[in-house]
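J.: Pasting the sequence and the predicted model now:
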Amino acid sequence: MESKVYLYDTTLRDGTQGEGISLSVEDKIKIARRLDQFGIDFIEGGWPGSNPKDMAFFERIREIPLQHAKVTAFGSTCRPNVAASDDDNLRALVASGVKAAAIFGKSWDLHVTDALKTTLEENLRMVADSVTFLKENGMTTLFLAEHFFDGYKANPRYALRVLEAAEEAGADWIVLCDTNGGSLPTEIYDIVKSVTQRLQTPVGIHPHNDSGVAVANALAAIQAGAKQVQGTINGIGERCGNVNLISVIPNLQLKLGYRCVSSEQLQELTQLSRFVAEIANMTLPNNQPFVGHSAFAHKGGIHVSAVLRDPKTYEHIEPENIGNVRRVLVSELAGQSNLLAKMEELDIDLSLDREEARQIIAQIKEREFQGYQYEGAEASLTLMLLSAAGKLKNLFTLDSFKIWMEKAAARAITSEAMVKLTINGETVHTAADGNGPVNALDNALRKALETYYPCIANMQLTDYKVRVLDENGATAAKVRVLIESSCNGEKWSTVGVSTNVIEASWEALADSIRYLLWKEGCEETGVQATAEARVGIVNH
């Protein structure tokens, strides 16, 4: 029978201590809902009484009918020489209205004497009294032994006495914290093993990632007998972050045979990771294990050929199990296997003989030599493949564009673009302003096309990146522009390359619209505006 590992998420509290991370009350509510749906057992909402935002969260979360998770309030043991029942911090935990509380206390004698400025015996009283108070108020109580591993290495006898004080007072969980993130997996395993053999109360692990081994530490602790992991989504948190639950969960469930969530919930892992990243306004690394965009991406031709025969040759798990997908990259390293697999992945039905495939691969390699990059611009790659096969209709062509920029001493710079296109045999002139030359060009292009193809109105430009390809060229260097666009929840990326950033931007902008029109089937339907609707735009 699978052994259950309980998941404790502290994204909403510990995670927000990470540099650059800030969550509104509504953000925290959205994340809490999603964590509950995913199957997280404990959701730490914040520290009641420490700030208005956390208080507002606990008030709002009472209105939310969670299906599984226990919302948990965070705090500390009572202060030295203050009874738990008189401690404002502990009273705020009870007043929060939630049914679970996590309190941290000192387990390293150095912190007791030098930070708290109290005696070792008084610290034991503070731990026991605080746990007793919360239990008497009907709360599930987790005692977090702060700096436990450092404390155990310095004075194991006292560190264990702290845990025993919490256990004797009735704590439901005793959590061992690697607060400084300096312990290694072998140390974690040995110390957790000794603790679990001594205590009857279930043990949890709370690792930080300062040594880059937080995930390994969490796995070692579970294998040594711990039953709970405390961490954050995407490993956000103070300094180098908390342990990343997104990596811990599939390792525990798919590699070690523990049960964390249902298999159906596990398939939502990638979406959970990206959902939290989006709300936190953070960019996920493409190479993030399990859920990264590149986690199951294959580039070398030999690798791709092998993966197509048997994915196990280069994949440690099936990506579908955690909601990710296999991707085949087409680049200067591509072979025919890459191309055919990419066409299948992009759902492009082209009948190519071996020679045609070679020619397309040669074209891709030549363009990448010039500076194009199709790994991050699959929409441009799709258009190239369709064009090479003669299956892409040119719905508009550029005749010319002009851009004016003006900077006066007393006002901000202004930009205006004029675009001249041929659309279905008609010449169309438009002009538009923008907050910069690329924005003005984008607005003018849309203005010219929206009357003919109304779906363009629903498309947004969501990201714009410029990369200098030849640093030695200074201001005359060739640049690559990557543009990400979205429409109705779908995103795609296009690329342009030139020694002129405006020309490169135009190429990427035009491709973004051509891709949308192809996706919308405009080439088959021949969607056009009525003659009356076109008059204004043609004569502009």
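T.: Structure received. Keep in mind it's a predicted model, so treat the numbers as computed, not measured. Numbers count the residues shown, from 1 in each chain.
J.: how about stretch 501-508: buried residues?
T.: For stretch 501-508, the neighbour count (16 or more other C-beta atoms under 10 Å) marks Val501, Ile502, Ala504, Ser505, Trp506, Glu507, Ala508 as buried. Every C-beta, even on glycine, is put in place using the N, C-alpha and C of the backbone.
J.: Rounded mean pLDDT for that stretch, please.
T.: With pLDDT averaged residue by residue, stretch 501-508 scores 92.
J.: Return the alpha-carbon coordinates of it using CSV.
T.: Extracted as CSV, the C-alpha positions of stretch 501-508 are listed here (Å, rounded to 0.1, in the frame of the first residue of the first chain):
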residue,chain,number,x,y,z
VAL,A,501,15.5,46.8,-35.4
ILE,A,502,12.4,48.3,-37.0
GLU,A,503,12.7,45.9,-40.0
ALA,A,504,13.2,42.9,-37.7
SER,A,505,10.2,44.0,-35.7
TRP,A,506,8.1,44.4,-38.9
GLU,A,507,9.0,40.8,-39.9
ALA,A,508,8.0,39.4,-36.6
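J.: Show me how far it is from its chain's centre.
T.: A distance of 29 Å separates the C-alpha centroid of stretch 501-508 from that of its chain, computed with C-alpha atoms, centre = their mean, to the nearest Å.
J.: hmm, who's touching it?
T.: Outside stretch 501-508, the residues that touch it by C-beta atoms under 8 Å, 6 or more residues apart in numbering are 377, 380, 398, 401, 403, 437-438, 441, 464, 466, 479-483, 494-498.
J.: where do the strands sit along the stretch 351-500 of the chain?
T.: For the stretch 351-500 of the chain, the strands defined by DSSP state E, counting those that start in this stretch occupy 396-406, 414-423, 426-434, 459-468, 479-487, 490-498.
J.: relative to strand 459-468, how tilted is the fifth one?
T.: Looking back up the chat, that one is strand 479-487. Strand 479-487 and strand 459-468 are oriented at 160 degrees to each other (axes from the mean of the first three to the mean of the last three C-alpha atoms, to 10 degrees).
J.: any idea which helix or strand of this structure has the worst average confidence?
T.: One helix or strand of the chain scores below all others by mean pLDDT, DSSP states H and E: helix 531-538, with a mean of 36.
J.: Poorly predicted segments of the stretch 401-540 of the chain, please.
T.: Within the stretch 401-540 of the chain, the segments meeting pLDDT under 70 span 470-476, 523-540.
J.: Secondary structure and distance to Tyr372 for the buried residues of stretch 501-508 - can I get that in TSV?
T.: Converted to TSV, the buried residues of stretch 501-508 look like this (DSSP: H, G, I helix; E, B strand; the rest coil; distance: C-beta to C-beta, whole Å):
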residue	secondary structure	distance to Tyr372
Val501	helix	15
Ile502	helix	17
Ala504	helix	10
Ser505	helix	14
Trp506	helix	15
Glu507	helix	10
Ala508	helix	10
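J.: export the residues you listed to a markdown table and tack on distance to Ala280?
T.: A markdown table is the format used below for the buried residues of stretch 501-508 (distance: C-beta to C-beta, whole Å):
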| residue | distance to Ala280 |
| --- | --- |
| Val501 | 31 |
| Ile502 | 34 |
| Ala504 | 31 |
| Ser505 | 29 |
| Trp506 | 33 |
| Glu507 | 33 |
| Ala508 | 28 |
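J.: And those, which is closest to Ile174?
T.: Nearest to Ile174 among these: Ala508, at 55.6 Å, using C-beta to C-beta.
J.: can you give me the helices for the stretch 101-250 of the chain?
T.: Taking DSSP state H, counting those that start in this stretch to define them, one finds helices in the stretch 101-250 of the chain at 109-110, 120-136, 148-154, 156-168, 185-198, 214-223, 245-250.
J.: how about a markdown table for these, with mean pLDDT added?
T.: Compiled in a markdown table, the helices of the stretch 101-250 of the chain are given as follows (pLDDT from 0 to 100):
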| stretch | mean pLDDT |
| --- | --- |
| helix 109-110 | 96 |
| helix 120-136 | 98 |
| helix 148-154 | 97 |
| helix 156-168 | 98 |
| helix 185-198 | 98 |
| helix 214-223 | 98 |
| helix 245-250 | 98 |
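J.: Output the ones you listed in JSON lines; the columns should cover distance to Arg79.
T.: Shown next, in JSON lines, are the helices of the stretch 101-250 of the chain (distance: least, C-beta to C-beta, whole Å):
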{"stretch": "helix 109-110", "distance to Arg79": "18"}
{"stretch": "helix 120-136", "distance to Arg79": "8"}
{"stretch": "helix 148-154", "distance to Arg79": "20"}
{"stretch": "helix 156-168", "distance to Arg79": "16"}
{"stretch": "helix 185-198", "distance to Arg79": "27"}
{"stretch": "helix 214-223", "distance to Arg79": "30"}
{"stretch": "helix 245-250", "distance to Arg79": "32"}
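J.: would JSON lines of the ones you listed with mean neighbour count be doable?
T.: Formatted as JSON lines, the helices of the stretch 101-250 of the chain follow (neighbours: other C-beta atoms under 10 Å):
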{"stretch": "helix 109-110", "mean neighbour count": "16"}
{"stretch": "helix 120-136", "mean neighbour count": "21"}
{"stretch": "helix 148-154", "mean neighbour count": "22"}
{"stretch": "helix 156-168", "mean neighbour count": "19"}
{"stretch": "helix 185-198", "mean neighbour count": "18"}
{"stretch": "helix 214-223", "mean neighbour count": "25"}
{"stretch": "helix 245-250", "mean neighbour count": "26"}
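J.: Relative to Leu256, which of those is closest?
T.: helix 214-223 (6.9 Å).
J.: What helices and strands are in contact with the closest one?
T.: Here helix 214-223 is seen to pack against strand 173-178, helix 185-198, strand 203-207, strand 228-231, helix 245-250 when contacts are counted using 3 or more C-beta pairs under 8 Å, 6 or more residues apart in numbering; DSSP states H and E.
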